[in-house]
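Trainee: Coordinates only, no sequence provided:
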């Protein structure tokens, strides 16, 4: 009965969303406060209903209720409790329900904390949220219902996909969805502004924190997914330019652009219309990502064509929302008042530069992801657009942006002094070059591009610190005064610096691991040794053991350096009995920020086993940098001040030519 | 019933919550841009604080202040220009009607389409505690025990025929093989093993199956099942004469009126009439008409035929037990068989008779009771 009540709660949530989608807008048009108020109440109600529904599904998973098809297909009575929970969203139907839960949660947040919003804006935002919620709950109920039942309940489940039986999976999708769906709020704000035909001053103050929160979660989610793929898939790669990864990376690029343009808008009331467009594009990319991953179109265009119910449904949602929002933009954007003016060389100008490159990069990745699909659909030819394409195009696009990153915060609002900023960055450039050469020599003999890449990363870190250094006045005033000034700086300044430092750290990690990684594939017998990254590994032999729902064969390795045993590592292969599916559990040992990665291959007839050993220098920098970025997002989010950027005064009588913000 | 009451309550509660703002709506006025004015005023305050805290220089602050003040002026002008909008208390009957109608209408229509209101929850723990005649759970429970203790021969013994009935013939063959390995050969195990192999090979009596059947006959020469499949094997190999002799031998050794006799007689008639080759040429041809070699394929056999055959065997066992009730293995087997066949009453009856022969306080009696509770039988004759 609990399960069926959960099912009914989901249906009822759809009905509430339908009301919430219409009544508040009518209220906004008729200036009827009661109707607008319904949006607030309905948003809270539908969140509670979806939460009930989600709780019912979780209950079914945790109690191994195999009369629910979803549980039978994706759970097993013997798996550890945490995977019974994570199994709820470790499948298509459950993950869509999680999507709904987060969507309605955000609507409820807007309803609860939106008291200081103009009433009509709030009503319209909640109505647009409800359109999305209604479309997705209909999608779930008609094509991917997690509450479908089996009349003759099986006695045992088919087990959760073994690759997904991992703590990483327990956290990765919720984070990713918090990001994806968080952008829905920005989208709703944009569409509401278009419906109203004006952008209130409060608009940007609301959109920035949402963007920041969504961006932080998406960043964390992508990094989590990347790290999970690194240690779980057993081939030591951390990013594959795989369409599923790109599907999350495209919204991230667009979201990063949105983050920066929302900043300009909040502080300077410039770039208003562009921000609205970016908000629409970012959420559209999130929807597109959901479509790519969920419709089955990625496995094969033909697989999609044979069972198109889900895919066509999401495609309709895509067309309706992206097409609808863009048409609305086309009709209404002219009604919006353009914002402030600024000179081309200014903080605003730098952020426009950032936006241009990020959106171009997003478009590039999108093209690379969709082109093979389009080609297969039209001609039937199967091609794969792999890392070479992305590395060439995306890498080259990023280069000028990365060079420009430290300049942005050093330029003044409205009109800036490029030469002055350049002079102030002189030290950062020098530090970058020195650090780059140092690491280059330490790793002796990598490609020359690596030197440049690492120097670039170090330059970004130093450049981000330059701003803090200059603003505290360190060197010009006494240490105590500088410290006081530093602690008095707005938290968003630290947020910016942290995020940019993170980008530099990640860059260093990427370059170092790409250039200096070593790979050894050897057949080892017990007692044999092999060298990797300055360490020696001795293979001790294999051991068999059993887990709750798998059998395992683990190899034991002793790691030594200069003849001294310093560590040991287990690397194993598992066979999950229910699905008869093998997985690898790589053995990973961390030394500083570098890692030794040991993966077991097939056993040989003569008792040996194929072992793959990678030395991954500085690989943890990749995710460490992401931690910096997340910290930056969180610190910036905690800055609750009203934020205004003080414009720089024109120095000469001859005014520079001012550009319109659009 | 409780479910529908809860559904109605939930729907009514949500409707009430949504109706609330419609009923208590108050009139008021709001100027469209007053929020903007508020934001700019806050920004001016913020500037003052920043200047005091030394975050921006006085010059910068003046410049920023001028800019914000310009916006504030524009916003204030805009407010003055537009007349305050009267937020009226209007009749919103239509909205109330929408809330009252749409919630139950959409909710019920869609739920009745997609939901299964009659299917109860089935948490695994509850099913394991009280399996009743839930075949799937009996299998799962036995499987779990066998994962923990793969050398439990009795477990494999129970599981093997259940697998076979559920159509999982590969698992059935493996389970029979395990039971044979651990507990040794009996006609029942050998016969079941052979039957699983035959089903696995699509109805062909393979050499491996024949070996098992011959072992079975060595122990129990008059086992009609073993005789039948061996005869069928001969027929499939084209040895018509030998097959005919073997089938006729079954008729001789079977009690009069045994339920499998019609089947055997049809084979005899077929072999006598058309010769063996014709029958071999069309294996699995006429489904439901048990004259050809298709009979052999256990999976092709109609459910009625198979049940009749099993029931026949169970019947003969029951006869034997009536003659000699001190046959502990026999009671165990017959109780299991009845419950596998779904005849709970007969199983309970057999349990009662078995307990009469082996009192409940003895070792064998305890085993009978354990089996009964495993199968979900009540000792007083009813079914849980």
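Mentor: Good, I have the coordinates. Source: prediction; values computed, not measured.

Trainee: can we go C-alpha only for contacts and neighbour counts from here?
Mentor: OK.

Trainee: can you tell me which helix or strand residue 368 belongs to?
Mentor: In the absence of a named chain, chain A is used. Using DSSP states H and E, residue A:368 maps to helix A:347-379.

Trainee: let's do chain B instead
Mentor: Residue B:368 is part of helix B:363-375 when elements are defined by DSSP H and E.

Trainee: what does that helix contact?
Mentor: With C-alpha atoms under 8 Å, 6 or more residues apart in numbering or on different chains as the test, helix B:363-375 has contacts from B:131-133, B:138, B:328, B:332, B:335-336, B:339, B:351, B:354-355, B:358-360, B:378-379.

Trainee: Stretch B:204-221 too?
Mentor: So stretch B:204-221 is contacted by B:185-188, B:190-191, B:193-195, B:197-198, B:223, B:226-227, B:229-230, B:232-233, B:236, B:296-297 (C-alpha under 8 Å, 6+ apart).

Trainee: Surely residue B:146 is in contact with residue B:152?
Mentor: Yes: the pair residue B:146 / residue B:152 is scored as a contact, 6.6 Å apart, by C-alpha atoms under 8 Å.

Trainee: count of residues packed around residue B:126?
Mentor: 12 (other C-alpha atoms under 10 Å in any protein chain shown).

Trainee: my bad, should have said residue A:615
Mentor: 23.

Trainee: can you tell me how far residue A:597 sits from chain B?
Mentor: Residue A:597 is 33 Å from chain B, where distance means C-alpha to the nearest C-alpha, to the nearest Å.

Trainee: could you point out which element follows the stretch of helix or strand that residue belongs to?
Mentor: For residue A:597, the host element (DSSP H and E) is strand A:594-603. Next helix or strand after strand A:594-603 toward the C-terminus (DSSP H and E): strand A:609-616.

Trainee: Any stretches of the chain with poor pLDDT?
Mentor: No chain was given, so I picked chain A. Residues of chain A that meet the criterion pLDDT under 70 lie in A:296-307, A:339-340, A:343, A:415-416, A:419-420, A:425-427, A:438-449, A:474-475, A:640-662.

Trainee: actually chain B
Mentor: Checking chain B against pLDDT under 70 turns up B:25-34, B:53-57, B:82-90, B:274-313, B:340-342, B:378-384.

Trainee: mind listing the strands for it?
Mentor: With DSSP state E applied, chain B shows strands at B:28-30, B:85-87, listed in chain order.

Trainee: Now the stretch 151-300 of chain A against chain B: closest residue?
Mentor: Going by C-alpha to the nearest C-alpha, chain B is nearest to residue A:155 of the stretch 151-300 of chain A, at 4.3 Å.

Trainee: Thought residue A:68 was touching that residue, still the case?
Mentor: No: applying C-alpha under 8 Å as the test, residue A:155 and residue A:68 come out as separate, 11.7 Å apart.

Trainee: Near chain A, which residues of the stretch 101-250 of chain B are found?
Mentor: B:102-103, B:106-107, B:110-111, B:114-117, B:119-125, B:136-141 (C-alpha under 8 Å from any C-alpha of the partner chain).

Trainee: Give the ChimeraX command for selecting the buried subset of the residues you listed.
Mentor: Selecting only the buried entries of these in ChimeraX, with 16 or more other C-alpha atoms under 10 Å in any protein chain shown as the criterion:
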select /B:102,103,106,107,110,111,114,115,116,117,121,122,123,124,136,137,138,139,140,141
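
Trainee: Which of the residues of the stretch 101-250 of chain B next to chain A fall in helices?
Mentor: Among these, DSSP state H puts B:102-103, B:106-107, B:110-111, B:114, B:124-125, B:136-141 in helices.

Trainee: sorry, back to before: tell me what the helix holding residue A:368 is packed against?
Mentor: helix A:243-268, helix A:301-306, helix A:387-404, helix A:407-410 (3 or more C-alpha pairs under 8 Å, 6 or more residues apart in numbering or on different chains; DSSP states H and E).

Trainee: got the residues of the stretch 451-600 of chain A near chain B?
Mentor: A:485, A:488, A:489.

Trainee: among those residues, which are in helices?
Mentor: Per DSSP H, those map to helices at A:485, A:488.

Trainee: Narrow the residues of the stretch 451-600 of chain A next to chain B to those that are buried.
Mentor: Neighbour-count burial (16+ other C-alpha under 10 Å) applied to those gives A:485, A:489.

Trainee: residues touching the residue most central in space within chain A, list them.
Mentor: The centre of chain A sits closest to residue A:218, judged by C-alpha atoms, centre = their mean, with a distance of 2.8 Å. By C-alpha under 8 Å, 6+ apart, the contact list for residue A:218 reads A:175, A:176, A:177, A:178, A:179, A:180, A:252.

Trainee: Phi and psi next, for the nearest residue to residue A:499 once chain neighbours are set aside.
Mentor: Excluding its sequence neighbours, the residue lying closest to residue A:499 (C-alpha to C-alpha, 6 or more residues apart in numbering or on different chains) is residue A:629, at 3.9 Å. Reported as degrees, to the nearest 10, the phi and psi values for residue A:629 are phi -60, psi -40.

Trainee: Now do the contacts for the nearest residue to residue A:384 once chain neighbours are set aside.
Mentor: In space, and not counting its chain neighbours, residue A:384 is closest to residue A:372: 6.2 Å by C-alpha to C-alpha, 6+ apart. By C-alpha under 8 Å, 6+ apart, the contact set of residue A:372 is A:382, A:383, A:384, A:385.

Trainee: Please tabulate those in TSV, including the columns neighbour count and secondary structure.
Mentor: Shown next, in TSV, are the contacts of residue A:372 (neighbours: other C-alpha atoms under 10 Å in any protein chain shown; DSSP: H, G, I helix; E, B strand; the rest coil):
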residue	neighbour count	secondary structure
A:382	14	coil
A:383	11	coil
A:384	13	coil
A:385	17	coil
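
Trainee: of those residues, closest to chain B?
Mentor: Nearest to chain B among the contacts of residue A:372: residue A:382, at 38.4 Å, using C-alpha to the nearest C-alpha.

Trainee: Quick check: the closest residue to the closest one other than its chain neighbours vs residue A:318, distance?
Mentor: Distance criterion C-alpha to C-alpha, 6+ apart; nearest residue to residue A:382, sequence neighbours excluded, is residue A:376 at 5.5 Å. Using C-alpha to C-alpha, to the nearest Å, one gets 21 Å for the distance from residue A:376 to residue A:318.

Trainee: what about residue A:12, helix or strand, and which?
Mentor: helix A:2-30.

Trainee: any idea how far that helix is from the chain center?
Mentor: Taking C-alpha atoms, centre = their mean, to the nearest Å, one finds the center of helix A:2-30 at 29 Å from the center of the full chain.

Trainee: what's the answer for stretch A:526-533, then?
Mentor: Offset of stretch A:526-533 from its chain centre (C-alpha atoms, centre = their mean): 38 Å.

Trainee: got a list of what the residue most central in space within chain B touches?
Mentor: Central residue of chain B (C-alpha atoms, centre = their mean): residue B:136, 5.2 Å from the mean position. By C-alpha under 8 Å, 6+ apart, the contact set of residue B:136 is A:153, A:154, A:155, A:156.

Trainee: helix, strand or coil for the first one?
Mentor: Meaning residue A:153. Assigned by DSSP: H, G, I helix; E, B strand; the rest coil, the conformation of residue A:153 is coil.

Trainee: ok, it touching residue A:64?
Mentor: No: using C-alpha under 8 Å, residue A:153 is not in contact with residue A:64, being 10.9 Å away.
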